[in-house]
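Visitor: coords please:
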Amino acid sequence: MRLRPELSAPDTSSPIAVESESYIGDMNESSLIEPAFTLREIQKAVGTSRQTLLRELKEKRLRGYRIGKTWRIPVSSWEEFMNRSTNLPTN
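Guide: Alright, predicted model coming up:
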């Protein structure tokens, strides 16, 4: 069984106003003000590719939203995903 690295909480010192209409998954208003990771933060911590994470978003196994060109994954969504997933493909 592969050990999952822990991600540190994202920086919440500057709140992000979300006006994007690019949502994937079951997002609600509380998810939009919750701290969120970027794909790059998850990539570095887990060692998986951007394409793998984008596929998980597209297939709605991972919830996230876009702000401009940057994907955000709410902390609760990432925790749910990691609890369901035991083997995330690596590069």
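
Visitor: helices or strands up against the host helix or strand of N83?
Guide: Following DSSP states H and E, one finds N83 within helix 75-84. For helix 75-84, the elements it packs on are strand 36-38, judged by 3 or more C-beta pairs under 8 Å, 6 or more residues apart in numbering; DSSP states H and E. For glycine as for every other residue, the C-beta is placed from the backbone atoms N, C-alpha and C.

Visitor: shaky segments in this protein?
Guide: Along the chain, the parts satisfying pLDDT under 70 run over 1-32, 86-91.

Visitor: Quick one: the helices in it, in order.
Guide: Secondary structure of the chain (DSSP state H): helices at 29-33, 39-46, 50-58, 75-84.

Visitor: Can you give me the buried ones in the last one?
Guide: This points to helix 75-84. 75, 77-78, 81-82 (16 or more other C-beta atoms under 10 Å).

Visitor: The helices of the chain: which one's closest to K69?
Guide: helix 39-46 (10.6 Å; C-beta to C-beta).

Visitor: tell me the angle that closest one makes with helix 75-84.
Guide: Between helix 39-46 and helix 75-84, the angle comes out at 40 degrees (axes from the mean of the first three to the mean of the last three C-alpha atoms, to 10 degrees).

Visitor: picking that back up, adding distance to I67, write the buried residues of helix 75-84 out as JSON lines.
Guide: JSON lines is the format used below for the buried residues of helix 75-84 (distance: C-beta to C-beta, whole Å):
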{"residue": "V75", "distance to I67": "16"}
{"residue": "S77", "distance to I67": "15"}
{"residue": "W78", "distance to I67": "16"}
{"residue": "F81", "distance to I67": "19"}
{"residue": "M82", "distance to I67": "22"}
